[in-house]
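**Q** just coords:
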């Protein structure tokens, strides 16, 4: 009997990994990860994310090696090159079956479809699994069998399916008897804020465990950027160092099996939003090709390159927006409330195409995830699933006063304003700006809001 090849992708973990679990039950396992460097650049993914992936892979290898499973870390340019490398590994290691967990964007689906045809033509067995969503794709449909377009009814239906569907996470595989020989290690490391995001599955599990100790304060603290009120688990979910199923199961265990407490929890709701955006991606592949979810939505973007550059660099003259963008540029992450603020500022007040903002976020975010990032940007621009109505435009000043009332977050990220009083820090005067070298606003808020409403209505 030949060996079983597990192809790791966005699932850098040994626990709750269907492909690894089932491969290990079928025979001796070898594992591979192939970084398609130029393909990732084409997808505008952040170097910080690549760095977290690479270091997490090295830790994954240590864990796999303790189970006598080798992990070959390889690189190529494009998805099309991955098939060639896989076939070489199959030949070199006497592999008769390949196991992997599905990815859902169009490029990945096309690659996998071609790979399966190629391998099956060579007489190999191919086994595909769903390891990215807590419930499998297409399990949650309305009574007519159609996909949901609005989150709240989707969540209600999701809960009903969840009540009857077992979601116990899979355990890590048992130790095997294979002798590990030389393992390929192609270096594609990148710098990232390891002090903020320690790599690996163990770090992800520990972070969830710590967060559960304060999960009941999440609803009241998650919108305040100056405090540690969110889970900060998104980078690990994005690279698959932990699964959504593990997070939901851990929350249910925290509530000692009380499903009503689970379903009423705000963090649980955010995890279901992640599921919703993934299902939107599966049902609406046009969004991977820079098209709106709602093809009839008004799109009235203008060429406002000056405002766009100021936004990217955190010098719009709106302190809360600049603090948010500087947090992104300095850490590779941005607080979720501020993601909405920054997105609406760019696309509705500056009328810059949401696609440009979406791309910039992907280039910077350590948790850059196509489905969630695209879903968030389209929600803010009123072109997406369950999108904000066109007339919903968040005021930077109101949001700043409401969620950073004493200016603690602004002082940290926009230090030139730190000496201002709690009122002025949200809206410095002309003289205060001159004194500290802080720019004038790139737009007149009231005029910009009026223009947006006229154009988008």
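**A** Thanks, I have it. Fair warning: this is a prediction, and the values are worked out from it, not measured in the lab. Numbering: from 1, shown residues only.

**Q** Please name the nearest non-neighbouring residue to residue 350.
**A** residue 307 (4.2 Å; CB to CB, 6 or more residues apart in numbering). No exception for glycine: its C-beta is placed from N, CA and C like everyone else's.

**Q** Regarding that neighbour, what is its secondary structure?
**A** Secondary structure for residue 307, judged by DSSP: H, G, I helix; E, B strand; the rest coil, is helix.

**Q** Quick check: residue 360 vs residue 69, distance?
**A** Separation of residue 360 from residue 69 (CB to CB, to the nearest Å) stands at 39 Å.

**Q** contacting residues for residue 377?
**A** Contacts were defined as CB atoms under 8 Å, 6 or more residues apart in numbering; by that measure residue 377 touches 343, 347, 354, 355, 357, 358, 361, 384.

**Q** So what touches stretch 179-196?
**A** 35, 37, 47-52, 54-55, 61, 65, 68-75, 232, 331-333, 366.

**Q** for the stretch 51-200 of the chain, what are the low-confidence residue spans?
**A** By pLDDT under 70, the weakly predicted segments of the stretch 51-200 of the chain are 166.

**Q** State whether residue 33 is indeed within a helix.
**A** No. If the criterion is three-state DSSP, then residue 33 is strand and not within a helix.

**Q** Dihedrals phi and psi, the nearest residue to it once chain neighbours are set aside?
**A** Spatial nearest neighbour of residue 33, excluding adjacent residues (CB to CB, 6+ apart): residue 8 at 4.5 Å. The phi/psi pair for residue 8 (degrees, to the nearest 10) reads phi -80, psi 140.

**Q** just to revisit the earlier point, quick one: contacts for the residue nearest to residue 350?
**A** Contacts of residue 307 by CB under 8 Å, 6+ apart are 316, 346, 350, 352, 442, 443.

**Q** returning to that earlier point: filter the contacts of residue 377 down to the buried ones.
**A** Buried by 16 or more other CB atoms under 10 Å: 343, 347, 354, 355, 357, 358, 361, 384, out of the contacts of residue 377.

**Q** mind listing what the residue nearest to the last one when sequence neighbours are not counted touches?
**A** Using CB to CB, 6+ apart and skipping the chain neighbours, the partner closest in space to residue 384 is residue 378 (2.6 Å). By CB under 8 Å, 6+ apart, residue 378 lies in contact with 287, 292, 293, 294, 354, 384, 385, 387.

**Q** try 10 Å
**A** 277, 280, 287, 291-294, 297, 343, 347, 354-355, 358, 384-388 (CB atoms under 10 Å, 6 or more residues apart in numbering).

**Q** now swap in residue 418 and tell me
**A** Counting by CB under 10 Å, 6+ apart, the residues that residue 418 touches are 407, 408, 410, 411, 412, 425, 436.

**Q** and the longest helix for the protein?
**A** helix 47-66 (DSSP state H).

**Q** what separates the helix or strand following it from the chain centre, distance-wise?
**A** Where DSSP states H and E defines the elements, the next helix or strand beyond helix 47-66 is strand 71-76. Centre-to-centre, strand 71-76 and its host chain are 23 Å apart (CA atoms, centre = their mean, to the nearest Å).

**Q** Strand 71-76 - contacts with which helices or strands?
**A** strand 3-8, strand 29-36, helix 37-42, helix 47-66, helix 79-92 (3 or more CB pairs under 10 Å, 6 or more residues apart in numbering; DSSP states H and E).

**Q** angle of it against strand 3-8?
**A** Put simply, strand 71-76 runs at 60 degrees to strand 3-8, going by axes from the mean of the first three to the mean of the last three CA atoms, to 10 degrees.

**Q** ok, and for strand 71-76, which residues are buried?
**A** Applying 16+ other CB under 10 Å to strand 71-76 flags 71, 72, 73, 74, 76 as buried.

**Q** Residue 256: which of those is nearest?
**A** Nearest to residue 256 among the buried residues of strand 71-76, counting by CB to CB, is residue 71 at 36.6 Å.

**Q** mind listing what the closest one touches?
**A** 6, 8, 29-33, 57-58, 60-65, 180, 183-185.

**Q** Mind checking which of those residues are buried?
**A** Buried among those by 16+ other CB under 10 Å: 6, 8, 29, 30, 31, 32, 33, 57, 60, 61, 63, 64.

**Q** Could you report the separation of the fourth one from residue 442?
**A** When distance is defined by CB to CB, residue 30 is 55 Å away from residue 442.

**Q** What of residue 318?
**A** From residue 318 to residue 442 the distance is 8 Å (CB to CB).

**Q** Mutual contacts of these two, please.
**A** 310, 311, 345, 349.

**Q** Which two among those are spaced furthest apart?
**A** Pairwise distances across these (CB to CB) peak at 12.2 Å, for the pair 310 and 349.

**Q** neighbour-wise, which of these two wins?
**A** residue 349 (27 against 22; other CB atoms under 10 Å).

**Q** where does the closest residue to the more buried one other than its chain neighbours land in three-state SS?
**A** Counting by CB to CB, 6+ apart, residue 448 is the residue found nearest to residue 349 once chain neighbours are left out, at 4.3 Å. When classified by three-state DSSP, residue 448 comes out as helix.

**Q** downstream neighbour of the host helix or strand of residue 398 in the secondary structure list?
**A** Using DSSP H and E, residue 398 sits in helix 396-403. Counting by DSSP H and E, the next helix or strand C-terminal to helix 396-403 is helix 408-413.

**Q** Kind regards, and thank you for your time.
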